[in-house]
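Colleague: My questions are about this predicted structure, shown below with the sequence.
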Amino acid sequence: MNIRIGNGYDIHQLTTDRPLILGGIKIPHSLGLLGHSDADVLTHAIMDAMLGALSLGDIGHYFPPTDSQWAGADSLVLLDRVHGLIRERGWQVGNIDSVVVAERPKLKPHIPMMRDRLSSVLQIEPDRIGIKATTNEKLGPVGREEGIAAYAVALLVCP
Ligand code: MG
């Protein structure tokens with residue numbers, strides 16, 4: 001069995017007039033993330049990890065912010081496309097691990113639903129998707145609630 005590993009990182013600014021969507025779930029909060037698509041920073045980091053594992057570039061290459069087709073796009077639709085790119089090359093997701101760095105709100109109650117949504121798109125069991133949430137201890141732009149960041153690692157397997 002062949003295995004490949006990739007990592008992904010993303011950060012988006014917080015703003016008052018947008019919904020907060022993380023891992024495909026709309027989370028009640030007074031602030032949301034700014035971006036060309038729905039700005040789902042966690043799903044973006046996961047997609048970049050999957051693409052990186054096969055040296056396929058990054059999501060900016062496939063879904064450029066200059067393309068109006070992706071304005072307001074549901075990032076789970078983009079994830080489905082990325083999943084298609086790896087599947088058509090004979091690969092599938094072994095597991096994913098990720099960290100969301102956000103000062104607020106508390107994300108822990110929403111993590112089971114995020115895992116369910118992401119795993120259904122990737123056609124794997126939810127226990128193959130790790131999502132952890134941490135604050136930045138009030139340090140830096142994330143600590144000042146100017147943005148939310150996410151890191152992800154993806155292991156791909158070719159049976
Ligand atoms: Mg992004």
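Modeller: Sure thing, it's come through. Residues are numbered from 1 along each chain as shown.

Colleague: Helices along the protein, start to end?
Modeller: Using DSSP state H, the helices of the chain run over 41-53, 59-62, 75-87, 111-122, 140-143.

Colleague: what about Ser120, neighbour count?
Modeller: 12 (other CB atoms under 10 Å). From N, CA and C alone the C-beta is placed, and that goes for glycine too.

Colleague: Just the pLDDT at it, thanks.
Modeller: Reading off the confidence values, Ser120 has pLDDT 98.

Colleague: what do you get for Lys26?
Modeller: 98.

Colleague: Check Pro159 too.
Modeller: At Pro159, pLDDT is 84.

Colleague: Report the contact partners of the residue nearest to it when sequence neighbours are not counted.
Modeller: Excluding its sequence neighbours, the residue lying closest to Pro159 (CB to CB, 6 or more residues apart in numbering) is Met1, at 6.0 Å. By CB atoms under 8 Å, 6 or more residues apart in numbering, the residues touching Met1 are Val157, Cys158, Pro159.

Colleague: Isn't the last one up against Val93?
Modeller: No: contact criterion CB atoms under 8 Å: Pro159 and Val93 do not qualify, at 11.9 Å.

Colleague: Settle it for me: which of these two has more neighbours?
Modeller: Val93 (23 against 8).

Colleague: Residues in a beta bridge with that one, which ones?
Modeller: For Val93, the beta-bridge partners are Leu156 (DSSP bridges).

Colleague: So which residues on the protein come close to the ion?
Modeller: Asp10, His44 (CB under 5 Å from the ion).

Colleague: Of all the residues in the chain, which one is nearest the ion?
Modeller: Nearest residue of the chain to the ion, counting by CB to the ion: His44, 3.6 Å away.
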